[in-house]
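Colleague: give me a model of this one.
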Amino acid sequence: MQRMDDKQVRSRPWWRKAALAAGFAAAIALMAAGGVASQGSAIDDARAALERWVEVRKTISQEQRDFTLKKEVLADRIELVERDIESVKAKIEEAKATISETEKKTAELAAENDKLKAEAARKSELVTALERRVGTLLARSPDPIRERVKVLSQRFPADPATTKLSLSERWQNVVGVLNEMNKFQRELVVASEVRTLADGSSAEVATIYLGLGQAYYVNATATVAAIGTSNASGWTWTPANEIAPLVAQVIGIVKGEKVAAFVQLPVKVQ
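Modeller: Have a look, this model is predicted:
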């Protein structure tokens with residue numbers, strides 16, 4: 001039998017080492033049995049050694065099978081984990097792409113928001129200027145038109161910086177007032193008013209407005225009349241009793257109480 005050195009023995013698997021050890025043990029038992037004990041005892045020892053050797057072989061075979069099965073299971077798990085890793089990597093790449101796209105859209109929306117804020121600020125300055133100008137125009141407008149747009153004009157904010165009205169609501173108020181004033185400018189409006197006369201007394205008069213800047217009034221007896229003109233501080237009424245019959249005639253025509261005719265009235269231009 002070829003003798004193995006220590007390196008060859010150490011390089012063998014552990015289960016082969018166990019088998020060799022069992023074989024050596026059986027051989028030694030047989031030799032010992034031949035020199036010391038009886039033949040029957042040697043056979044029994046050999047049988048026992050052989051049984052142990054068989055048992056060791058069974059154990060080795062079982063461990064080999066278990067090892068192979070566990071190796072296959074472990075390989076399957078490794079493959080499954082690797083697939084999961086690849087799936088996670090793919091999802092990470094998708095998430096990165098989504099994040100990049102989201103950041104791009106966020107930047108675009110931020111830029112659009114800044115643009116809208118700047119536009120809103122510009123329009124806010126514009127509507128504030130219009131509110132002031134319309135308010136100034138209303139101050140010198142006739143009482144009937146001021147009363148007509150009172151609900152809208154009262155909504156003009158005293159302090160635009162702290163108002164709770166939206167920009168669109170403020171635009172609507174300004175446009176609404178201007179529309180009514182433009183309509184009034186194209187009409188002949190007759191109104192019943194109480195005026196303070198030149199002698200200091202008060203009387204009910206009929207007033208006809210020719211748009212926003214010119215008006216006439218006359219008393220019920222057509223003896224007292226005045227010409228009204230608009231200015232920065234309001235309205236100025238200049239007595240003109242000599243035109244009282246003419247004013248009364250014009251008012252009668254407008255109200256449909258008299259036949260239409262050409263009537264000349266003096267006009268004061270500021």
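Colleague: any idea which element V73 lies in?
Modeller: Taking DSSP states H and E as the criterion, V73 maps to helix 39-139.
Colleague: which other helices and strands contact that helix?
Modeller: helix 14-36, helix 150-153, helix 167-185 (3 or more Cβ pairs under 8 Å, 6 or more residues apart in numbering; DSSP states H and E). Glycine gets a C-beta too; all of them are placed from N, C-alpha and C.
Colleague: and the ones you listed, which one's lowest on average pLDDT?
Modeller: Looking over those, mean pLDDT reaches its minimum on helix 14-36, with a mean of 52.
Colleague: for A198, see how far away N231 is.
Modeller: With distances taken as Cβ to Cβ, to the nearest Å, N231 is found 19 Å from A198.
Colleague: repeat that for W237.
Modeller: Going from W237 to A198 by Cβ to Cβ gives 9 Å.
Colleague: what's the answer for A240, then?
Modeller: 10 Å.
Colleague: name the residues of the strand or helix carrying P245 that come out as buried.
Modeller: According to DSSP H and E, P245 maps onto helix 244-254. Under the neighbour-count criterion of 16 or more other Cβ atoms under 10 Å, helix 244-254 has A244, L246, V247, A248, Q249, V250, I251, G252, I253, V254 buried.
Colleague: would you list these in JSON lines and tack on pLDDT and distance to L265?
Modeller: JSON lines is the format used below for the buried residues of helix 244-254 (pLDDT from 0 to 100; distance: Cβ to Cβ, whole Å):
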{"residue": "A244", "pLDDT": "96", "distance to L265": "11"}
{"residue": "L246", "pLDDT": "96", "distance to L265": "6"}
{"residue": "V247", "pLDDT": "96", "distance to L265": "7"}
{"residue": "A248", "pLDDT": "96", "distance to L265": "11"}
{"residue": "Q249", "pLDDT": "95", "distance to L265": "10"}
{"residue": "V250", "pLDDT": "95", "distance to L265": "7"}
{"residue": "I251", "pLDDT": "95", "distance to L265": "11"}
{"residue": "G252", "pLDDT": "95", "distance to L265": "14"}
{"residue": "I253", "pLDDT": "94", "distance to L265": "12"}
{"residue": "V254", "pLDDT": "92", "distance to L265": "12"}
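Colleague: got any residues that touch both of W237 and A198?
Modeller: Counting by Cβ atoms under 8 Å, 6 or more residues apart in numbering, the contacts common to W237 and A198 are A226.
Colleague: neighbour count winner among those two?
Modeller: W237 (19 against 11; other Cβ atoms under 10 Å).
Colleague: assign a three-state SS to the residue lying closest to P245 once chain neighbours are set aside, would you?
Modeller: In space, and not counting its chain neighbours, P245 is closest to A222: 5.3 Å by Cβ to Cβ, 6 or more residues apart in numbering. On the three-state scheme (DSSP: H, G, I helix; E, B strand; the rest coil), A222 is labelled coil.
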